[in-house]
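Novice: Dropping the sequence and predicted coords here.
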Amino acid sequence: MNPNSTKKTPAAYGIIGMPLGHSKSPLLHNWGLRECGLPGRYEAWPTEQGNKLKAFVAEAKIRRIKGVSVTIPHKQAIMPLLDALTERAKAVGAVNTLYWENGKLTGDNTDVLGISAALAEWTTTNPNNSKISSAVILGAGGAARAACMALKDFGITDIAVANRTPGKAKCVARELVVRAIPWEERMNNAEQGNAPWGLVINSTPLGMQGKDEALTPMPAEALTGVTLVFDLVYNPIRTVLLKDAEAAGCGILSGLSMFLHQGLAQFRIWTGKELSPAHARQLLLADMACMSK
Ligand code: NAP
């Protein structure tokens, strides 16, 4: 945030994180503001950890910034700096949205809604294929925490978390009441006689544009028999994991659906307005098509 900004319209909304170069949130929210004829802009505010984050929150309170998206690496560190947390943010243990409620700067988590809405969309278009009883979540960060909660809401009872750093998976398992399994044992469901997982969710950056793009968190041979593979990475839309999953005959879901729905939920919280998911999706797909040319 630049307090000395000379632009006439003050930025009312924005995103904090580091790095932010990849974020499509400014595109989505500025489009939404224009669509609804609302004043203000949505900006990217690259913010480092520690004192810079504290200073940002203090300034956001003074300037009464209307809405903030929070991304890596601040989703957990920002929690003690806020006036209030929603029950959902407390339960997940991570915040991705700031808004004002009763004069208090409040933290919420719309990543849960994003994952739930993406799964619901998939179920609608695959009604014969929607009975999923087990899931493995790869990674144990903020997105994995949101996934645990969304999968419970979706009715999945057997949820395992596998992470490169085992202590973090154990922590998520304890707090979100799921089970932790070793990273090396993520390929199939040992508790069910090594059966394939019903659902595999990638919540690591493996496959994301940049240095990790050629990587995948799951060997291709472990995907045979999996009903649905959901990659939370949305850039590129078809990651190596999703290409492997398609080749193995699994259903696939890109992180773009999650991104879209978590963003529309933020916009609703800040403005009370509903945006068209279909138009928002078109906007994002068109932008990503341009970027890949
Ligand atoms: P995070 O809190 O930083 O967690 C990242 C997780 O990935 C950690 O558990 C980390 O393991 C693991 N990891 C990192 N590099 C790895 C590697 N080389 N091999 C194996 N595991 C590795 O991040 P987050 O907020 O949960 O986000 C995770 C991913 O989800 C992001 O990269 C993003 O693409 C995606 N995401 C998508 C949306 C959306 O709207 N579609 C929203 C949020 C996040 P350690 O604990 O061992 O470090």
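Specialist: Ah, there it is.
Novice: Which residues are in contact with the residue in the stretch 101-250 of the chain that the ligand sits nearest to?
Specialist: Across the stretch 101-250 of the chain, the shortest distance to the ligand (Cβ to the nearest ligand atom) belongs to residue 141, at 2.1 Å. C-beta: built from backbone N, CA, C; applies to glycine. Shown in contact with residue 141 (Cβ atoms under 8 Å, 6 or more residues apart in numbering): 72, 75, 168, 203.
Novice: can you name the two of the residues you listed that are farthest apart?
Specialist: 72 and 168 (14.6 Å; Cβ to Cβ).
Novice: Who has more neighbours out of these two?
Specialist: residue 168 (16 against 13; other Cβ atoms under 10 Å).
Novice: Tell me the residues of the chain that contact the ligand?
Specialist: Residues of the chain lying close to the ligand (Cβ under 6 Å from any ligand atom) are 72, 75, 111, 114, 139-144, 163-165, 168, 203-206, 208, 232-234, 255, 258-259, 262.
Novice: Below-threshold pLDDT in the stretch 1-150 of the chain: ranges please.
Specialist: The stretch 1-150 of the chain contains residues with pLDDT under 70 at 1-10, 129-130.
Novice: So for the protein, the centremost residue is which one?
Specialist: residue 111 (4.6 Å; Cα atoms, centre = their mean).
Novice: Excluding chain neighbours, what is closest to that residue?
Specialist: residue 146 (3.7 Å; Cβ to Cβ, 6 or more residues apart in numbering).
Novice: Verify the stated contact: the one you found with residue 109.
Specialist: Yes: counting by Cβ atoms under 8 Å, residue 146 does reach residue 109; the two are 6.1 Å apart.
Novice: Pick out whichever of those two has more residues nearby.
Specialist: residue 146 (31 against 27).
Novice: where does the more buried one land in three-state SS?
Specialist: Put simply, residue 146 is helix when judged by DSSP: H, G, I helix; E, B strand; the rest coil.
Novice: Who are the contact partners of it?
Specialist: Residue 146 neighbours (Cβ under 8 Å, 6+ apart): 92, 94, 96, 109, 111-112, 114-115.
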